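A.B. asks: Starting from these lines, generate the structure:
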Amino acid sequence: ALAPRLAAPFYVDNVHALGDYAGAEVDFVFVGTCTNGRIEDLRAAAEVLRGRRVAPGTRMLVVPASSQVLEQAMEEGVLQTLVEAGATIGTPGCGPCMGRHMGVAASGERVVSTANRNFRGRMGAADAEVFLASPRTAALAAVLGRIPGEEEVAP
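C.D. replies: Residues are numbered from 1 along each chain as shown. Next comes the predicted model:
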């Protein structure tokens with residue numbers, strides 16, 4: 001089995017084992033947009049968050065990929081699970097991955113994102129560190145307030 005991976009700042013091909021960064025504190029977690037905002041991605045995040053809370057000092061934003069995904073997530077109770085855990089739900093479509101609105105990373109912040117780019121300044125401040133991960137890993141980072149260890153991500 002392939003060990004969990006993430007892309008570290010500042011390039012998508014800067015891929016490492018999750019364990020290389022385990023324990024690093026996280027300020028902001030972003031799940032969604034066109035890349036990982038499908039219903040199955042939101043379900044994966046909700047599965048991790050069910051009955052849990054986003055860690056104090058960490059914020060989480062979820063942006064469904066489309067209005068259809070938003071509606072399906074509402075019907076299935078996925079949005080309720082995410083909101084009860086402390087996540088904020090954004091307008092479907094684009095979000096902070098382009099660094100223009102809705103959850104832009106501030107200076108010095110560490111972000112775990114499910115978007116498809118982590119170039120310097122892409123999500124906001126040029127010195128914000130953006131790690132790319134799966135929705136499951138991102139949701140777990142939100143709950144823990146840190147990048148999880150490989151053993152914590154096992155399904």
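
A.B. asks: Which helix or strand lies directly C-terminal to the lowest-mean-pLDDT helix or strand in the chain?
C.D. replies: Of the helices and strands making up the chain, the lowest-confidence element is helix 33-36, at a mean of 80, by mean pLDDT, DSSP states H and E. Using DSSP states H and E, the helix or strand that directly follows helix 33-36 along the chain is helix 39-49.

A.B. asks: tell me the mean pLDDT for that next one?
C.D. replies: Helix 39-49 carries an average pLDDT of 96.

A.B. asks: Adjacent strands (with direction) for the following helix or strand past that helix?
C.D. replies: Counting by DSSP H and E, the next helix or strand C-terminal to helix 39-49 is strand 59-63. Sheet pairing here is set by DSSP bridges, and for strand 59-63 it gives strand 28-32 (parallel), strand 88-89 (parallel).

A.B. asks: Mind giving me the packing neighbours of the next helix or strand after strand 59-63?
C.D. replies: The element immediately downstream of strand 59-63 (helix or strand, assigned by DSSP H and E) is helix 67-76. Applying 3 or more CB pairs under 8 Å, 6 or more residues apart in numbering; DSSP states H and E, one finds that helix 67-76 makes contact with helix 39-49, helix 78-84. Every residue, glycine included, has its C-beta placed from N, CA and C.

A.B. asks: Tell me which of those helices lies nearest to Tyr21.
C.D. replies: Shortest distance between Tyr21 and those, using CB to CB, is found for helix 39-49: 18.0 Å.

A.B. asks: Show me what that closest one is packed up against.
C.D. replies: Using 3+ CB pairs under 8 Å, 6+ apart, helix 39-49 is in contact with strand 28-32, helix 67-76, helix 78-84, helix 135-144.

A.B. asks: swap the cut-off to 6 Å and go again
C.D. replies: With contacts taken as 3 or more CB pairs under 6 Å, 6 or more residues apart in numbering; DSSP states H and E, helix 39-49 sits against helix 67-76, helix 78-84, helix 135-144.

A.B. asks: Could you identify which of the ones you listed is most buried?
C.D. replies: Stretch with highest mean neighbour count among those: helix 135-144 (a mean of 26; mean count of other CB atoms under 10 Å).

A.B. asks: Show the average pLDDT along whatever helix or strand comes next after it.
C.D. replies: Counting by DSSP H and E, the next helix or strand C-terminal to helix 135-144 is helix 150-153. Per-residue pLDDT over helix 150-153 has a mean of 83.
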